[in-house]
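J.: My questions concern the predicted model and sequence given below.
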Amino acid sequence: MLLLAIYGSPRKNGNTDLMTDSFVEGAQSAAKIEVERLYIRDLGISGCLGCGYCDKHGVCAQKDDMRNVYPLLEKADRIVMASPIYFYGISGQAKLFVDRSQALFMRKQINRAEGAAASPAAARKGFFLCAGATRGKRLFDCPVLTARYFFDAIDVAYEGELCFRELDEKGAVRNHPSALDDCRRQGAVFVL
C-alpha cells in the first residue's frame, strides 16, 4: 500500500507539517506501507492556465513539476493532504496543486466517454488535515469542501478530516491537548 502525504504549507515544520508527520507515524505503526512525502512548497508548479488542453487530451499542457506528481496521485492507495488556513481557504500553494488536478479529472471524463470502466470509489481513500489561527465558526467550511472536490476529481473516496482552531504560532500544535495524538490515531485507522 502506498500512502501519499501532501504537505500543503509554505512554512517548513509548521503546524500542518507536524500534524502530517504524526498522521504518517500512526499509519506506519498500524500497517506495513510505503510512504511518499510530497512538499508542495518545494515544487515548481504554475497555476492552471484555463487553456482547455486537458479537456481534450486528459493531460496538462504545462511542463513543470506536476508532471512527476500526476503518476503519484493516480498510483497512491491512500492520500492525506494538509494545509493551513489562509483567508478561510487552503494555502495558495495547495490551491495551485488542487487546481492542476483538473487534468486528472478530465482524463477520467474522457475515459468514461470512451467507455472505460470507472475505478471503484472505495478502493482509494483520502483524508484532510487543517490548522487555522482563529476561532471562526465556519473557519473550515471552504477548505473541507475544496478537499472533498479534490479527492473526488482524482477518484479517491473522502474519508474525513481533522481540523484544529487557534493554532497560529509555528509549533503551537504541540501545545494542543490532543491534536497530534488525534492525527496519529487517525493515521493508524486510515490504512487499515
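T.: Thanks, I have it.
J.: which stretches of this structure form helices?
T.: Along the chain, counting by DSSP state H, helices occupy 15-30, 53-57, 66-75, 92-100, 102-113, 141-153, 179-190.
J.: Tell me what angle the third one forms with helix 141-153.
T.: What that stands for is helix 66-75. On the basis of axes from the mean of the first three to the mean of the last three Cα atoms, to 10 degrees, helix 66-75 is oriented at 80 degrees to helix 141-153.
J.: Give the buried residues for helix 66-75.
T.: 66, 69-70, 73 (16 or more other Cβ atoms under 10 Å). Placement of C-beta: from N, CA and C, glycine included.
J.: Repeat that for the last one.
T.: Within helix 179-190, the residues that qualify as buried are 179-180, 182-188, 190, counting by 16+ other Cβ under 10 Å.
J.: Need the residues you listed in a markdown table (columns: distance to residue 102).
T.: Formatted as a markdown table, the buried residues of helix 179-190 follow (distance: Cβ to Cβ, whole Å):
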| residue | distance to residue 102 |
| --- | --- |
| 179 | 32 |
| 180 | 33 |
| 182 | 32 |
| 183 | 29 |
| 184 | 33 |
| 185 | 33 |
| 186 | 28 |
| 187 | 28 |
| 188 | 32 |
| 190 | 26 |
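J.: returning to what we had before: between the helices of the chain, which gets nearest to residue 40?
T.: In terms of Cβ to Cβ, the element of these nearest to residue 40 is helix 92-100, at 4.7 Å.
J.: Show me what that closest one packs onto, helices and strands only.
T.: helix 66-75, helix 141-153 (3 or more Cβ pairs under 8 Å, 6 or more residues apart in numbering; DSSP states H and E).
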